[in-house]
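Engineer: Next input, structure requested:
(one chain, ligands or ions: 1)
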Amino acid sequence: MSSPAVEVIELVKRYGGTTAVDGLTLAAERGAVTAILGPNGAGKTSTLEICEGFRRADGGTVRVLGADPGDSSLRARVGVMPQAGGVPPAMRCAEWLRLMSRFHAAPLDPAALLARLGLAEHARTPYRRMSGGQQQRLSLAGAVIGRPELVFLDEPTAGLDPQARRACWELVTDLRAAGVAVVLTTHYMDEAERLADHVVIIDRGRVVAEGSPATLTGAERQLRFRARPGLTLEELLSALPAGSAAKESPAGHYIIEGHVGPELLATVTAWCASEGVTADDLSIERRTLEDIFLELTGRELR
Ligand SMILES: Nc1ncnc2c1ncn2[C@@H]1O[C@H](COP(=O)(O)OP(=O)(O)OP(=O)(O)O)[C@@H](O)[C@H]1O
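Structural biologist: Numbers count the residues shown, from 1 in each chain. So this is what the prediction gives:
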């Protein structure tokens, strides 16, 4: 088996007294999408920027396509989409992408790439006059123009409209199919669930869980419904089979966990009837990546 495209072992990054990355270990495979998730300030961008060779680590080991992240030979092989900026404000959209293409031996066609990302009509627009979402898309185009073996995308779809998000997802899926290693960060759990082969959840600079979306969310199902807020769940709990759990989260949204079968469903609906409430949007679902993320990283704001 070939070595991973990115190998991070016991990485440490400090800014003065703040330890942003605290012994983080992860690997990203070729031909796969690795999504790094974590609350604000968890250390995602710091980790990415060290892998991209933009920041120095204070400890640990990082190998990118088998080389040190600072190795100049990586520039032609690795595409980077930073969280913001990177394009001179006065430069026109197509002009910048053409310039980027000249740094590579076998680049994609800049005009075709702009068209694919819905930027054809903005080809002559200076960067500073483009909207935030258009700037994001141009930055994404810059990361992939050189047919890289590995791309780092820092929140690629933040602020994009639904159409542009889908165009970005399609591009990422095509990169993976072409054998490219894609490492991205995102705050959109549905995006990670849909796109990623491997999800790494980090918190306070450490990995708190990793695996495929299916492994992380597990096979267990939940019963969910909406009803008026503040129902007392004790009586329901006592009627449910041992090992079941019931919670209201957020207000007016009820989640019942346990062995979700006909018996549990009957008990819950009978209880709703006894309370005089209709269970709206009653559904049986698997736990989502967002449920797992909030369980692991808590609900307080960072
Ligand atoms: N240049 C810097 N100087 C000082 N502290 C920094 C610097 N860059 C990041 N930090 C701190 O390091 C920690 C991790 O920041 P980082 O940007 O890596 O997090 P993140 O997970 O990418 O967050 P977000 O989701 O908000 O983008 C934070 O506490 C942040 O304040």
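Engineer: ok, Ala120 to Ala251 distance?
Structural biologist: Between Ala120 and Ala251 the computed distance is 46 Å (Cβ to Cβ, to the nearest Å). To be clear about C-beta, it is placed using only N, CA and C from the backbone, and glycine gets the same treatment.
Engineer: what sits against Glu7?
Structural biologist: When contacts are counted by Cβ atoms under 8 Å, 6 or more residues apart in numbering, Glu7 touches 27, 61-63.
Engineer: do that again at 6 Å, thanks
Structural biologist: Glu7 makes contacts with 27, 63, as judged by Cβ atoms under 6 Å, 6 or more residues apart in numbering.
Engineer: ok but it is inside a strand, no?
Structural biologist: Yes: Glu7 sits within a strand when classified using DSSP: H, G, I helix; E, B strand; the rest coil.
Engineer: which residues sit in contact with the residue nearest to Phe225 when sequence neighbours are not counted?
Structural biologist: Sequence neighbours aside, Ala279 is the residue nearest to Phe225 in space, at 3.7 Å (criterion: Cβ to Cβ, 6 or more residues apart in numbering). Going by Cβ under 6 Å, 6+ apart, Ala279 touches 225, 227, 272.
Engineer: Would you format the residues you listed as TSV with secondary structure, distance to Pro82 and pLDDT included?
Structural biologist: Listed next are those as TSV, based on DSSP: H, G, I helix; E, B strand; the rest coil; distance: Cβ to Cβ, whole Å; pLDDT from 0 to 100:
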residue	secondary structure	distance to Pro82	pLDDT
Phe225	strand	43	96
Ala227	coil	45	95
Cys272	helix	50	94
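Engineer: Closest one to the ligand out of these, please.
Structural biologist: Of all the contacts of Ala279, the ligand sits closest to Phe225, with 32.4 Å by Cβ to the nearest ligand atom.
Engineer: what packs against the longest helix seen in the chain?
Structural biologist: In terms of residue count, the longest helix belonging to the chain (DSSP state H) is helix 162-177. If contacts are counted by 3 or more Cβ pairs under 6 Å, 6 or more residues apart in numbering; DSSP states H and E, helix 162-177 sits against strand 181-185.
Engineer: tell me how far the strand it packs on is from the chain's mean position?
Structural biologist: Centroid separation between strand 181-185 and its chain, computed with Cα atoms, centre = their mean, to the nearest Å, is 8 Å.
Engineer: How about stretch 11-31?
Structural biologist: How far stretch 11-31 lies from its chain's middle: 17 Å, per Cα atoms, centre = their mean.
Engineer: Repeat that for stretch 241-259.
Structural biologist: 27 Å.
Engineer: mind checking the end-to-end distance for that stretch?
Structural biologist: Stretch 241-259 stretches 8 Å from its first residue to its last (Cα to Cα, to the nearest Å).
Engineer: Show me which residues of that stretch are buried.
Structural biologist: For stretch 241-259, burial by neighbour count (16 or more other Cβ atoms under 10 Å) applies to 244, 246, 254-258.
Engineer: Show me the strands in this protein, by range?
Structural biologist: Ranges of strands in the chain, per DSSP state E, are 6-15, 18-28, 33-37, 59-64, 78-81, 150-154, 181-185, 198-203, 206-211, 221-226, 245-248, 253-257, 280-286.
Engineer: Out of those, which gets nearest to Ser139?
Structural biologist: Taking Cβ to Cβ, strand 78-81 is the member of those nearest to Ser139, at 5.0 Å.
Engineer: same for the closest one, what does it pack against?
Structural biologist: Where contact means 3+ Cβ pairs under 6 Å, 6+ apart, strand 78-81 is packed against helix 132-144, strand 150-154.
Engineer: how about the last one as CSV, C-alpha atoms only?
Structural biologist: Taking C-alpha atoms only, strand 150-154 is exported to CSV below (Å, rounded to 0.1, in the frame of the first residue of the first chain):
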residue,chain,number,x,y,z
LEU,A,150,-2.9,16.9,-3.1
VAL,A,151,-5.1,19.9,-2.3
PHE,A,152,-5.7,21.6,1.0
LEU,A,153,-9.1,23.5,1.0
ASP,A,154,-9.7,25.6,4.1
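Engineer: Pairing partners for it, with directions?
Structural biologist: According to DSSP bridges, strand 150-154 forms sheet pairs with strand 78-81 (parallel), strand 181-185 (parallel).
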